[in-house]
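Novice: please find the sequence and the predicted model below.
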Amino acid sequence: MKKLKTHFAFLDEGSKKEIRRATLKAVAIPGYQVPFASREMPIGRGWGTGGLQLTLSLVGKEDVLKVIDQGADESVNAVSIKKLVHSTTNVELTEATEDATLIQSRHRIPEIPLTKDQILVLQVPMPEPLRTYEKKEYITKMLHAEKEYSGIWLMLFEQIMKYGRTSTDADHPVLVNERYVMAPSPIPRFDNPKMHHSEALILLGAGREKKIYAVPPYTDVASLAFDDYVFQKEDFSGEACHLCGATDVFLDELVDDHTGKTIYQCNDTSYCVDRLNKLEQEEVSTVDA
């Protein structure tokens, strides 16, 4: 019986080369959506196939992989992707942001600042920031080519007129390298500033829409806003994580099962655990002293 040939990182070499070529073009033109031949993956489209294809095309035997889903390392989506990558590469897995060389994420950028030795891959459901008011692909391509973004400015203006503020709580559009308006993936507004002059390479992949785009290191990234209605990220002033006490991170609003009161908790679970461990070590050191 003939043994089936298996490939490192699941995809065949031809597929990985094609995805890498599209990735190189995306890096060369920050914020520009590069079409690519999205492959069929053993997970449903919309569950991170674009990000997964980027990860599989870039991962090497020496890489250390971290996968998170909305800040959590243990969610179903994150665990499934980690299992697939690990089973086809045997690369080391980690939950520590600072130890990872390759990070795939859905809806969050880690709290710990990334470094030049890391690559962040973001999963994207809808890469076209103009799609909310223009359904035709050939027209959105033309609008990008002509740098004609009045429609998206009008959309933001209408939100201000209706709600008194822009209502894009996630996936707030950004201007990359003073040229292309880009969808940053459904990360919260809190994470948008982390893209500006990031030391790490940020890659964004949309499998269903068959697009790859990128924010190279040290690139200007500005969230769209008016002079008199400046961009504002989520404000957690006066609140702190009920577990580790962090105040300068993105917090989830929860309800205490026992008291019924509102409590806050770090969205980035590994950051919270790491902070708790450090606080415990400091307490032990103080007692020993």
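Specialist: Perfect, I can see it now.
Novice: surely residue 149 and residue 134 touch.
Specialist: No. With contact defined as Cβ atoms under 8 Å, residue 149 does not reach residue 134; the gap is 11.0 Å. For every residue, glycine as well, the C-beta is placed using N, CA and C.
Novice: more neighbours: which of those two?
Specialist: residue 149 (18 against 14; other Cβ atoms under 10 Å).
Novice: separation between that one and residue 116?
Specialist: Distance, residue 149 to residue 116, using Cβ to Cβ, to the nearest Å: 31 Å.
Novice: pLDDT weak spots in the stretch 101-250 of the chain?
Specialist: Scanning the stretch 101-250 of the chain for pLDDT under 70 picks out no residues.
Novice: overlap in contacts of residue 149 and residue 134?
Specialist: residue 143 (Cβ atoms under 8 Å, 6 or more residues apart in numbering).
Novice: can you tell me the SS state at the residue nearest the centre of the chain?
Specialist: Nearest to the mean C-alpha position of the chain, by Cα atoms, centre = their mean, lies residue 122 at 3.5 Å. Counting by DSSP: H, G, I helix; E, B strand; the rest coil, the backbone at residue 122 sits in strand.
Novice: quick thing: my sequence starts at 650, can you match it?
Specialist: Yes, from this point I'll number from 650; that puts the last item at residue 771.
Novice: residue contacts, it?
Specialist: 700, 753, 754, 755, 758, 833, 834, 836, 851, 852, 853, 854.
Novice: which of the residues you listed ranks first by neighbour count?
Specialist: That'd be residue 854 among the contacts of residue 771, by other Cβ under 10 Å, with 32 neighbours.
Novice: wait, doesn't that residue sit right on residue 770?
Specialist: Yes. Counting by Cβ under 8 Å, residue 854 touches residue 770, with 6.6 Å between them.
Novice: now list whatever residues contact both of those two.
Specialist: 700, 703.
Novice: identify the bridge partners of the residue nearest to the centre of the chain.
Specialist: Assessed by DSSP bridges, residue 771 has beta-bridge partners residue 754, residue 853.
Novice: for residue 833, see how far away the spatially closest residue to residue 842 that is not a sequence neighbour is.
Specialist: Nearest non-adjacent residue to residue 842, counting by Cβ to Cβ, 6 or more residues apart in numbering: residue 882, 6.8 Å away. According to Cβ to Cβ, residue 882 and residue 833 sit 12 Å apart.
Novice: which neighbours do those two share?
Specialist: residue 841.
Novice: returning to that earlier point: isn't the residue nearest to residue 842 up against residue 841?
Specialist: Yes. With contact defined as Cβ under 8 Å, residue 882 counts as touching residue 841 (6.7 Å).
Novice: what comes up buried for the longest helix anywhere in the chain?
Specialist: For the chain, the helix with the greatest residue count under DSSP state H is helix 918-937. Buried residues in helix 918-937, counted by 16 or more other Cβ atoms under 10 Å: 918, 919, 920, 921, 922, 923, 924, 925.
Novice: same question for stretch 740-759.
Specialist: Buried residues in stretch 740-759 (16+ other Cβ under 10 Å): 740, 742-744, 746, 749-759.
Novice: ok, so of those, who is nearest residue 864?
Specialist: residue 758 (10.9 Å; Cβ to Cβ).
Novice: helix, strand or coil: sort out the closest one for me.
Specialist: Three-state assignment for residue 758 (three-state DSSP): coil.
Novice: can you report how many residues neighbour the closest residue to it other than its chain neighbours?
Specialist: Nearest residue to residue 758 in three dimensions, chain neighbours excluded: residue 840, at 4.2 Å (Cβ to Cβ, 6+ apart). Neighbour count for residue 840, taken as other Cβ under 10 Å: 24.
Novice: tell me the phi and psi of residue 840?
Specialist: phi -90, psi -20 (degrees, to the nearest 10).
Novice: repeat for residue 721
Specialist: phi -110, psi 140.
Novice: bridging residues for it?
Specialist: residue 718.
Novice: surely it and residue 728 touch.
Specialist: No. Residue 721 lies out of contact with residue 728 (Cβ under 8 Å); the separation is 9.6 Å.
Novice: where along the stretch 800-938 of the chain do the helices fall?
Specialist: 841-844, 918-937 (DSSP state H, counting those that start in this stretch).
Novice: please state the offset of the shortest one from the chain centre?
Specialist: Between the mean C-alpha location of helix 841-844 and the chain-wide mean there is a distance of 10 Å, by Cα atoms, centre = their mean, to the nearest Å.
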